[in-house]
Structure formats: C-alpha cells, structure tokens
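Participant: Turn this into a model:
(one chain, ligands or ions: 1)
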Amino acid sequence: MPGTLRLRRNSNQHPEKRMIQPKNPKTISTLCGLAPARSIRGREEKIAVAEVGYPTLKALLAAVRDCRACEAHLPLGPRPVLCAGETARILIVGQAPGARVHTTGIPWDDPSGERLRAWMGVDKEIFYDESRIAIIPMGYCYPGRGTGGDLPPRRECAALWLDQLLTRLPRIELTLLIGQYAQRHFLGSRRKPSLGETAKAWRDYAPQYIPLPHPSPRNQPWIKLHPWFERRLVPVLRARIKALSTR
Ligand code: SF4
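Facilitator: Sure thing, here's the model as predicted:
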C-alpha cells in the first residue's frame with residue numbers, strides 16, 4: 001500500500017507522537033555511516049507515513065536506519081547507509097550503496113569515494129564529519145545487481161524519507177547531485193538531455209546545486225573525453241567545498 005511503512009511498533013505513545021525507535025539507541029553511532037547492521041524482530045504494524053513525526057534529526061535518522069519498507073526486494077537485506085548532522089552546509093546525493101558499502105556501512109568507502117574526495121579536495125576527516133557534510137543517497141540500501149551492474153536505487157527511500165530529512169537540514173547551501181537519479185529528482189525538467197550536458201551546464205544550477213558524473217573508475221573514459229570537467233568544474237567545486245566546510 002503506497003505511503004505505508006513496515007516498522008516496529010512503539011505502542012505506549014500517543015498515535016500522533018508515535019515514533020519509530022531504534023532497537024538499541026546506543027548502537028546508533030554519532031560518526032558518519034558507522035551504524036551497525038541490525039535485524040528487526042518483534043511486533044510490526046503498518047503505519048501511515050503522514051502519522052509519523054520525529055522531533056529531531058537524530059530520531060528521524062534512527063527511524064530511517066530501522067526502515068525495512070522494501071525488504072522483500074533487497075538481496076542482502078535492509079541496511080540504510082546515510083549520515084547527516086543538522087549543522088551540515090554541504091549535502092552529497094549519490095545513487096545507492098554498492099555491495100562493499102553495504103558490508104562496511106560507511107558511505108563512499110570505495111574507489112568511487114576516493115575519487116569523489118579528490119574532486120572535492122577533502123580528506124576523510126572532513127568528508128565523514130557529518131556536522132559539515134551530509135551524505136544521503138537516492139537509495140539507502142544496496143539494491144542488488146542486474147545484468148548491467150547494480151540496480152537503480154529503490155524509489156521508496158525518496159518517497160518515504162527524503163523530504164523529511166531535507167526539512168531537518170536547514171543549513172544546506174550546496175548539494176552535489178551525483179548521477180542521473182539525483183539529478184532527475186532535484187532538477188526535474190531543468191536537466192539537460194544527457195548527464196554530461198547537465199554537468200557542463202553547472203552554472204545554470206548554481207549556487208544551490210552542482211551536478212556531477214558518478215566518480216566510479218568505470219567513468220574514467222568519460223572523464224578523459226571531457227577535459228573541461230577536471231579543468232573547469234572541479235576547481236569550482238573545490239573552492240565551494242572549502243568555503244562551506246571551513247568552520
Ligand atoms: S531501500 Fe530505503 S525504503 Fe527500502 S528498506 Fe532501505 S531505507 Fe527503507
């Protein structure tokens with residue numbers, strides 16, 4: 001049923017204040033992406049999303065990390081990988097975790113992340129500082145593999161959670177839109193016909209957004225074919241990141 005979630009019951013609260021609680025709140029790490037995988041057992045019920053409200057970003061993130069709305073479609077099971085702090089001024093929106101990130105629980109903990117950090121001009125300390133940088137992909141759990149590589153991000157994440165998360169991140173000044181799914185969601189009809197053209201038209205979306213290709217090593221041929229990207233856009237990206245990540 002659209003607009004409903006399978007979530008654990010928090011039965012002693014008023015329905016309008018009902019929140020989804022983590023099984024063990026102490027397991028929710030304050031460090032970016034280090035929340036451990038959990039399996040949720042016990043009573044479950046369908047709860048309309050509109051009925052669920054979360055008083056803080058921390059509570060909302062705990063609920064997202066307990067989400068199992070599309071569990072039946074996830075070959076490795078739910079393990080939402082995202083992080084955010086309410087003071088963050090930069091938001092990274094990618095596609096979905098790969099199998100490696102599903103295992104570690106750390107976003108962009110792979111060669112794509114290495115290249116993204118190089119483009120941004122930041123080290124891991126800054127990149128994983130959720131008080132400065134929020135990382136929220138279009139799909140939060142590993143979606144599995146299809147014939148052409150990893151499947152697209154599950155749509156349920158954005159439908160159920162994204163707007164709530166963005167509302168709790170009022171200081172975001174720059175959003176990096178990595179790949180077609182993020183660009184489609186945030187830019188809509190303002191996108192150009194191809195991802196490359198959208199990235200090349202980055203000035204059209206400034207200062208709020210910078211569209212980027214996926215930093216996967218598999219995109220190296222595209223990077224080589226489009227030298228303007230590293231020559232013009234990457235320096236602009238680094239300057240913005242430096243300005244916004246400096247305390
Ligand atoms: S992919 Fe998104 S909607 Fe599905 S279980 Fe994970 S967090 Fe929930």
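Participant: buried stuff in the lengthiest helix in the chain?
Facilitator: Once the chain is assigned using DSSP state H, the helix that runs over the most residues is helix 234-245. Neighbour-count burial for helix 234-245, counted by 16 or more other C-beta atoms under 10 Å, picks out 234, 237, 240-241, 244-245. C-beta coordinates here come from the backbone N, C-alpha and C atoms, glycine included.
Participant: any idea which of those residues is closest to residue 162?
Facilitator: Residue 162 has its nearest neighbour among the buried residues of helix 234-245 in residue 244, at 20.9 Å by C-beta to C-beta.
Participant: That closest one against residue 91, yeah?
Facilitator: No: assessed by C-beta atoms under 8 Å, residue 244 is found out of contact with residue 91, at 10.3 Å.
Participant: sorry, back to before: how about TSV for the buried residues of helix 234-245, with pLDDT and distance to residue 181 added?
Facilitator: Shown next, in TSV, are the buried residues of helix 234-245 (pLDDT from 0 to 100; distance: C-beta to C-beta, whole Å):
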residue	pLDDT	distance to residue 181
234	98	22
237	98	20
240	98	22
241	98	22
244	97	23
245	93	25
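Participant: Any chance of a markdown table for those, columns distance to residue 122?
Facilitator: Shown next, in a markdown table, are those (distance: C-beta to C-beta, whole Å):
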| residue | distance to residue 122 |
| --- | --- |
| 234 | 13 |
| 237 | 10 |
| 240 | 11 |
| 241 | 6 |
| 244 | 11 |
| 245 | 7 |
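Participant: picking that back up, mutual contacts of residue 244 and residue 91, please.
Facilitator: residue 174 (C-beta atoms under 8 Å, 6 or more residues apart in numbering).
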